[in-house]
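>>> Sequence plus predicted model, see below.
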Amino acid sequence: MSRPRVLIVDDEARIRSSLGGILIDEGYDIFMADNGLTALEKIRGNGSVDLVITDIWMPKVDGLELLKEIRHVNPDIPVIMISGHGTIETAVKAIKMGAFDFIEKPLTLEKTVLVVKHAMDQRRLQAENRNLWVRINKKYKIIGCSKAMDELRRQIEVAAPTNGRVLIYGENGTGKELIAREIYEKSKRKDKPFVSVNCAAIPEDLIESELFGHEKGAFTGAICSKQGKFELADGGTLFLDEVGDMSQKTQAKLLRVLEEGALQRVGGVKVIKVNVRVIAASNKNLKEEIKRGNFRDDLYYRLNVIPVEIPCLKERKEDIALLLDHFLKEFCSDNGKNLKKVTPEALDLMMCYDWPGNVRELKNLIERLVIMVPGNAITAMDIPLSFHENNQPSLGKAKQEFEKYFIIKVLRSSQGNISKSAKILKIERSLLYQKLKKYNIKPKNI
Ligand SMILES: Nc1ncnc2c1ncn2[C@@H]1O[C@H](COP(=O)(O)OP(=O)(O)OP(=O)(O)O)[C@@H](O)[C@H]1O
Ligand SMILES: [Mg+2]
């Protein structure tokens, strides 16, 4: 790790050198300026100053003006004021203007080291906090430019600010949870809890206690009373994921809670009022499930106030390139790699594929390719075989695809050299050129 960089600003050379000496010993890199103007030049010209320690009384630009300017140029840089006799009041004013702290003259080793360490700790925490927020926001960003996604965004804008229950339908991996979170984020309840329950993942005998809580002694193992997810989500939003997997008995109980806005814990008698907005999601077609007798139609109508349907990825192929780009950036940066590019042939294969696992499948594939593929380009050769197979509806097409695949392979092995490749393939160079044109293969890009 590089050493933190501290800028010391004081018109007295003696102070600069004694402070500098202390901080160099503590492992900091030191820069000096003897007035506010040169200090500002250094900060502007040299983006990576981590901390400024400045005297208050200085010619030209004084400490307070410097502080103001630094807050303007880069509010993240902590500023510590050095206050001499008679400037304590000004130092206090400086704190109100956003200085981190002040140290009094004569400077003592302990106090100086401690204040600088605190300031650096705070800067690090702020940076970490911001990075986390950026990452969380990125993680939950909805990507897509297809008509279907635009329509989805429109529905979210309309539905989110209301209290209406939302039922999200979509195949596996289409982004149901992502959409549920977006609705919550844009709702009036966004400062209240978002509680998520995966109804398919909880065993039947535990789900009621999980949703509605239980009292002590309600069943073997209930050693103390516990709040359920409905209570935990009070005032906020409850996301019932895979709601189609609930048993008939739990469905009946859920229906009652939705109708009455109140519940009783398992083994309890007290009626507990709850104010919860429910967003439910299912990858099963619940209307079909009603016909089959697996889902209560009265519950369906309670949940389905605002229906939101997420189309599967193969119905919005325009989104593939954008999603690909987004995940490439995410995983290359997460894995500390240079941004990889995807060759047009590889992209072609992805565009022709049906994506039964939808966006999650695409995301997982990109993560794997970013980690596994050496070098900076993901080529057709790196794409799994099933993609190549998927792309061959007839024998003629299959032959062509194989031919294309084989030519790419040979070209790669001969670093894109046409004469060499033609020799290996035992065909004329002119024929190879024809085939490159036919299959849109660019030797430079493979
Ligand atoms: N439009 C999108 N933009 C960006 N990321 C997306 C998009 N859709 C889905 N994802 C990402 O794909 C992954 C799967 O999404 P999510 O978990 O929301 O799907 P799901 O429909 O709940 O899947 P399952 O039915 O398997 O539970 C998540 O990591 C999610 O962030
Ligand atoms: Mg899900």
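The structure has been received and is ready for your questions. Ligands and ions are numbered 1, 2, ... in the order given.

>>> In this protein, what residue lies closest to ligand 2?
E177 (4.2 Å; C-beta to the ion). No exception for glycine: its C-beta is placed from N, CA and C like everyone else's.

>>> which element is that residue on?
helix 176-185 (DSSP states H and E).

>>> Which residue would be the closest one in the stretch 201-350 of the chain to ligand 1?
Nearest residue of the stretch 201-350 of the chain to ligand 1 (C-beta to the nearest ligand atom) works out as N283 at 4.6 Å.

>>> okay, now that residue: neighbour count?
Counted with other C-beta atoms under 10 Å, the neighbours of N283 add up to 19.

>>> Surely it and E177 touch.
No. Counting by C-beta atoms under 8 Å, E177 is not a contact partner of N283; they are 11.2 Å apart.

>>> circling back: my guess is the residue of the chain closest to ligand 2 contacts S196. True?
Yes. Using C-beta under 8 Å, E177 is in contact with S196, at 7.4 Å.

>>> Common neighbours of these two, please.
Common contact partners of E177 and S196 (C-beta atoms under 8 Å, 6 or more residues apart in numbering): F239, D241.

>>> rewinding a little: and the helix holding E177, what other elements does it pack with?
For helix 176-185, the contact count by 3 or more C-beta pairs under 8 Å, 6 or more residues apart in numbering; DSSP states H and E identifies helix 147-159, strand 166-169, strand 194-198, strand 237-241, strand 277-282 as packing neighbours.

>>> which residue packs closest to K341, ignoring adjacent ones?
A377 (5.5 Å; C-beta to C-beta, 6 or more residues apart in numbering).

>>> Dihedrals phi and psi, that neighbour?
With angles defined as degrees, to the nearest 10, A377 sits at phi -130, psi 140.

>>> How confident is the prediction for it, by pLDDT?
You'll see A377 listed with a pLDDT of 92.

>>> Name all residues that make contact with A252.
Here A252 is in contact with R296 (C-beta under 8 Å, 6+ apart).

>>> Could you look up the SS state of it?
At A252 the chain is in helix, as set by DSSP: H, G, I helix; E, B strand; the rest coil.

>>> same thing with I8?
I8 - assigned by three-state DSSP - is strand.

>>> That one contacts A33, correct?
Yes. Assessed by C-beta under 8 Å, I8 is found in contact with A33 at 7.4 Å.

>>> out of these two, which sits in the more crowded spot?
I8 (25 against 22).

>>> Just the pLDDT at the more buried one, thanks.
Taking I8 on its own, its pLDDT is 95.

>>> And for I88?
Confidence at I88, expressed as pLDDT, is 79.

>>> Same check on S394?
67.

>>> residues in this protein within reach of ligand 1, list them.
By C-beta under 6 Å from any ligand atom, the residues of the chain that approach ligand 1 are 142-144, 170, 172-178, 283, 359-360, 363.

>>> Buried among the residues you listed? Make that a ChimeraX selection.
Applying 16 or more other C-beta atoms under 10 Å to those, the buried members can be selected in ChimeraX as follows:
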select :144,170,173,174,175,176,177,178,283,359,363
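
>>> quick revisit: so which of the helices and strands packed on helix 176-185 is the most packed in?
strand 277-282 (a mean of 25; mean count of other C-beta atoms under 10 Å).

>>> the strands in the chain, which residues?
5-9, 29-33, 51-55, 79-83, 101-104, 166-169, 194-198, 237-241, 262-263, 272-273, 277-282, 306-309, 341-342, 377-378 (DSSP state E).

>>> a markdown table please, covering those strands and showing distance to ligand 2.
Listed next are those as a markdown table, based on distance: least, C-beta to the ion, whole Å:
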| stretch | distance to ligand 2 |
| --- | --- |
| strand 5-9 | 45 |
| strand 29-33 | 48 |
| strand 51-55 | 45 |
| strand 79-83 | 47 |
| strand 101-104 | 47 |
| strand 166-169 | 9 |
| strand 194-198 | 7 |
| strand 237-241 | 5 |
| strand 262-263 | 25 |
| strand 272-273 | 28 |
| strand 277-282 | 6 |
| strand 306-309 | 14 |
| strand 341-342 | 27 |
| strand 377-378 | 27 |
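
>>> Tabulate these (TSV), appending distance to L425.
Below are the strands of the chain laid out as TSV (distance: least, C-beta to C-beta, whole Å):
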stretch	distance to L425
strand 5-9	58
strand 29-33	59
strand 51-55	63
strand 79-83	68
strand 101-104	73
strand 166-169	50
strand 194-198	53
strand 237-241	52
strand 262-263	72
strand 272-273	75
strand 277-282	51
strand 306-309	49
strand 341-342	25
strand 377-378	22
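
>>> would you turn the helices and strands packed on helix 176-185 into TSV with mean pLDDT?
Formatted as TSV, the helices and strands packed on helix 176-185 follow (pLDDT from 0 to 100):
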stretch	mean pLDDT
helix 147-159	94
strand 166-169	97
strand 194-198	95
strand 237-241	97
strand 277-282	98
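
>>> just to revisit the earlier point, got a list of what the nearest residue to the residue of the chain closest to ligand 2 once chain neighbours are set aside touches?
Counting by C-beta to C-beta, 6+ apart, E177 lies nearest to D241, which is 6.5 Å off, once chain neighbours are set aside. With contact set as C-beta under 8 Å, 6+ apart, D241 has these partners: K176, E177, A180, S196, V197, N198, C199, A200, A280, A281.

>>> ok, these vs L436, which is closest?
K176 (43.0 Å; C-beta to C-beta).

>>> how many neighbours does D298 have?
Residues near D298, counting by other C-beta under 10 Å: 13.
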